[in-house]
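*Asks:* how would this look folded up:
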Amino acid sequence: MDQFRPPTSIRFTSGNTPDNWRKWEMCFRTYYTAAELSSKPGKTQVAILLHCAGQEAQDVFSNFVFTNEDDDKDDNYENVLRKFRQYCEPQRNCVFETHKFWQRGQHDGESFDQWVTDLIILLKGCEYGEHKDRHLRDKIVFGIHDGSVRERLLREAHLTLAKALHICQAAEASKAQIKDKVQTGSQHHSHQEDSQ
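*Replies:* As a prediction, this is how the structure comes out:
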């Protein structure tokens, strides 16, 4: 076990706590597997987890309440990790997150991929579950800046998210090619005039 370096302790009072926790938990899980902690008793696994997490985490842990049901025992490291996740993740206002998602249109000059990346991040707070692809597809149709592309999307009888993404990316790529040809052509034309 000594050859594997445990993750450094986590700070709850600085930076982005949910992000810090996600990264720390990923490091701990890697360490857990590499150091073969699963062969140790549950209480020992939890003790190693708390030792790695540091003093702040131990203070937080001391306030956790466990029911001692099978899925909520304090000698199971997965239960302990879940409690920390719940502690670190702020309570989301689902309605507000959904409002932000539906208000987010594509800005003038913003690339399609940039916009969709932002939509996917916003979508995480909406709690749409298995329907998230359908909502993202609809948002793309309603929010895309280019009206002609929107018309093309609306004409598709069985529009899937994958098809919507393909149509929009292809339209943006061809528009960029046309713009590039126009610019190249006008530069070529001005060179001809200069040489006359």
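
*Asks:* from here on, contacts and neighbour counts on C-alpha atoms
*Replies:* OK.

*Asks:* relative to Glu156, how far out is the residue positioned nearest the centre of the chain?
*Replies:* Centroid-nearest residue in the chain: Ile121, 5.1 Å away (criterion: Cα atoms, centre = their mean). Applying Cα to Cα, to the nearest Å, the value for Ile121 to Glu156 is 26 Å.

*Asks:* please apply the same query to Asp133.
*Replies:* 16 Å.

*Asks:* and the two? which has more neighbours close in?
*Replies:* More neighbours surround Asp133 than the other of Asp133 and Glu156, with 16 against 11 (other Cα atoms under 10 Å).

*Asks:* where does the more buried one land in three-state SS?
*Replies:* Put simply, Asp133 is helix when judged by DSSP: H, G, I helix; E, B strand; the rest coil.

*Asks:* per-residue pLDDT, it?
*Replies:* Per-residue confidence (pLDDT) for Asp133: 95.

*Asks:* now swap in His189 and tell me
*Replies:* Model confidence at His189, given as pLDDT, is 53.

*Asks:* likewise Gly125?
*Replies:* Note for Gly125: predicted pLDDT of 79.

*Asks:* count the neighbours of the closest residue in space to it that isn't next to it in sequence for me.
*Replies:* The shortest distance from Gly125 to any residue that is not its chain neighbour, by Cα to Cα, 6 or more residues apart in numbering, is 5.4 Å, and that residue is Glu97. Using other Cα under 10 Å, Glu97 is surrounded by 17 other residues.

*Asks:* host element of Glu97?
*Replies:* Here Glu97 sits within helix 94-103, counting by DSSP states H and E.

*Asks:* helix or strand next in line after that helix, which one?
*Replies:* Downstream of helix 94-103, the first helix or strand assigned by DSSP H and E is helix 112-123.

*Asks:* so what does that following helix touch, helix or strand wise?
*Replies:* Counting contacts by 3 or more Cα pairs under 8 Å, 6 or more residues apart in numbering; DSSP states H and E, helix 112-123 is packed against helix 94-103, helix 132-143, helix 161-195.

*Asks:* ok, 6 Å please
*Replies:* Judged by 3 or more Cα pairs under 6 Å, 6 or more residues apart in numbering; DSSP states H and E, helix 112-123 is in contact with no other helix or strand.

*Asks:* if we can go back for a sec, which residues does the helix holding Glu97 contact?
*Replies:* 122, 125-126 (Cα atoms under 6 Å, 6 or more residues apart in numbering).

*Asks:* what pLDDT, on average, does it get?
*Replies:* Per-residue scores along helix 94-103 average to 89.

*Asks:* that one vs helix 112-123, what angle?
*Replies:* Relative orientation of helix 94-103 and helix 112-123, computed by axes from the mean of the first three to the mean of the last three Cα atoms, to 10 degrees: 170 degrees.

*Asks:* ok, back up a step: among the contacts of helix 94-103, which one sits closest to Arg29?
*Replies:* Gly125 (24.8 Å; Cα to Cα).

*Asks:* gap between that closest one and Ala164?
*Replies:* Separation of Gly125 from Ala164 (Cα to Cα) stands at 22 Å.
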